[in-house]
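>>> Any chance you could fold what I've pasted below:
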Amino acid sequence: MTAERIRGGGCSGQCTEGLGFDFTMAFQPIVDVGDGPGGGRPWAHEALVRGLDGQGAGWVLGQVTEANRYAFDQACRVKAIELAASLGMGQQPDTRLSINFLPNAVYQPEACIRATLAAAKRTGFPPERIIFEVTENERVVDGAHLKSIFTEYKRQGFHTAIDDFGSGYSGLNLLAEFQPDIIKLDMELTRSIDTDRTRRSIVSAILTVCRDLGITPVAEGIETPGEARVLRDLGITLMQGYLFARPAVERLEATPVMDFELAVA
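Here you go, the predicted model:
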C-alpha cells in the first residue's frame, strides 16, 4: 500500500481487506504489586494474538507477509480495542490496554492512527488508557521514522512502550533517540534474578536510568515468588508473568488480592 493511498483514504473502514486469515486476542494482565490502592490488581492487560483454533502467536505472525503487514497491524489494533471494550475493560478504573504494533507497517503515523481513534470512539474506550508497544527485537529500518511514530502517538494522548527491553542490542540506542513512557524488561533479565547477582546489578542500573528519564518499568516473565520479591525490593511495582496469570483467550483474568499476597508475602 502506498503512502498516497493512506493519505487519500485513511486507515478506517478497509483495514482487514486482503488479510487472508483471521485471528483473535488473548489478554494477560500486568499486575500492580505496590502497596497503594491498586496493589494486587491489574494495572493493564496486554493483547496477544492467537489463532481461532488455539494456535499461538508464532502461527499467526507466520501468516504475515509484506503484502498483508499493513492490514494485519491495523486489524490487530481494532480487534484488541473492540474485544477489550466488549469485556468491560473500558469501565475498569485505571486499567489500560497494551497493544503491540509493527513500526514497519506504519507509513504515515498521523494517517495510520485513524482506525485506532475511530475504534476507541466507537466503543467508548478512553484513548489515554491505550499503550502501544514496539519490541526491541523488531527490525527497525528507519529509526527517525519510529521516533516520529512515538511522537505522534504521544501527541494523540496514547502511551508508548519498548517491549522485550534487554533482549537485543539496540535497547540503549533506542532510549538515546527517544524516551517511551514505559519499558518492559525482558524475561532474560528477570529470570532467576533472585539467585543471580549479575542480573540484579544490570536491572538495578536500568532502573536508575528509568528514574532519571521518568520512564515506568515493567518486569516481564515473572514465574516465581522469589523473582517477584527481589524485583519489588529493587523498586519495580508492575509485573507480568505466569505467577499472576496466563494469557486468556477473549477474556480477562482478574488477580485476586489474596492470591497475590500468598504469592509474594
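>>> where along the protein do the strands fall?
24-32, 41-50, 96-100, 130-135, 159-165, 182-185, 216-219, 238-239, 248-249 (DSSP state E).
>>> Flag the shaky bits of the stretch 1-150 of the chain, pLDDT-wise.
Across the stretch 1-150 of the chain, the ranges flagged by pLDDT under 70 are 1-18, 36-39, 104-105, 107-108, 111, 136-143.
>>> contacting residues around stretch 43-51?
Contacts of stretch 43-51 with the rest of the structure, by CB atoms under 8 Å, 6 or more residues apart in numbering, involve 23-32, 56-57, 59-61, 76, 79-80, 83-84, 89, 94-100, 131, 133, 238, 240, 247, 249, 252. C-beta coordinates here come from the backbone N, C-alpha and C atoms, glycine included.
>>> ugh, wrong one, I meant stretch 181-197
131, 133, 136, 154, 159-167, 171, 175, 199-200, 202-203, 206, 210, 215-224, 226-227, 229-231, 236, 240-241.
>>> which of the strands of the chain is buried the deepest?
Counting by mean count of other CB atoms under 10 Å, strand 182-185 has the highest mean neighbour count of the strands of the chain, with a mean of 28.
>>> average model confidence for that strand?
Taken as a whole, strand 182-185 has a mean pLDDT of 95.
>>> quick one: strands adjacent to that strand?
Each strand paired with strand 182-185, and its direction, by DSSP bridges: strand 159-165 (parallel), strand 216-219 (parallel).
>>> want to throw the ones you listed into TSV with distance to V106?
Putting the strands paired with strand 182-185 into TSV (distance: least, CB to CB, whole Å) gives the following:
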stretch	distance to V106
strand 159-165	13
strand 216-219	23
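>>> Of the ones you listed, which shows the lowest average pLDDT?
strand 159-165 (a mean of 90).
>>> relative to strand 130-135, how tilted is that strand?
30 degrees (axes from the mean of the first three to the mean of the last three CA atoms, to 10 degrees).
>>> chain center to strand 159-165: distance?
Relative to its parent chain, strand 159-165 has a centroid offset of 6 Å by CA atoms, centre = their mean, to the nearest Å.
>>> Can you give me the neighbour number for V33?
Around V33 there are 24 other residues, counting by other CB atoms under 10 Å.
>>> what about it, distance to R41?
10 Å (CB to CB, to the nearest Å).
>>> And for T224, nearest residue in space, chain neighbours not counted?
Nearest non-adjacent residue to T224, counting by CB to CB, 6 or more residues apart in numbering: L243, 6.4 Å away.
>>> I'd say that neighbour and A228 touch.
Yes - at 6.0 Å, L243 counts as touching A228 under the criterion of CB atoms under 8 Å.
>>> Settle it for me: which of the two has more neighbours?
Applying other CB under 10 Å to L243 and A228 shows that A228 carries more neighbours, namely 25 against 20.
>>> There's contact between the more buried one and G221 in this structure, I believe.
No - A228 is beyond contact range of G221, at 11.2 Å (criterion: CB under 8 Å).
>>> Might you list the low-confidence residue ranges for the stretch 151-265 of the chain?
By pLDDT under 70, the low-scoring segments of the stretch 151-265 of the chain are 168-171, 255-265.
>>> what about the helices in it?
Remark: helices assigned in the stretch 151-265 of the chain by DSSP state H, counting those that start in this stretch are 171-177, 187-190, 197-213, 225-234, 257-264.
>>> Could you save these as JSON lines and add columns showing distance to K147?
Listed next are those as JSON lines, based on distance: least, CB to CB, whole Å:
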{"stretch": "helix 171-177", "distance to K147": "6"}
{"stretch": "helix 187-190", "distance to K147": "24"}
{"stretch": "helix 197-213", "distance to K147": "15"}
{"stretch": "helix 225-234", "distance to K147": "29"}
{"stretch": "helix 257-264", "distance to K147": "37"}
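>>> For T116, which of those is the nearest?
helix 171-177 (22.0 Å; CB to CB).
>>> I'd like to know the beta-bridge partner residues of T216.
Following DSSP bridges, T216 is listed with bridge partners I182.
>>> how far away is it from I81?
If you go by CB to CB, the gap between T216 and I81 works out to 22 Å.
>>> Thank you kindly, that will do.
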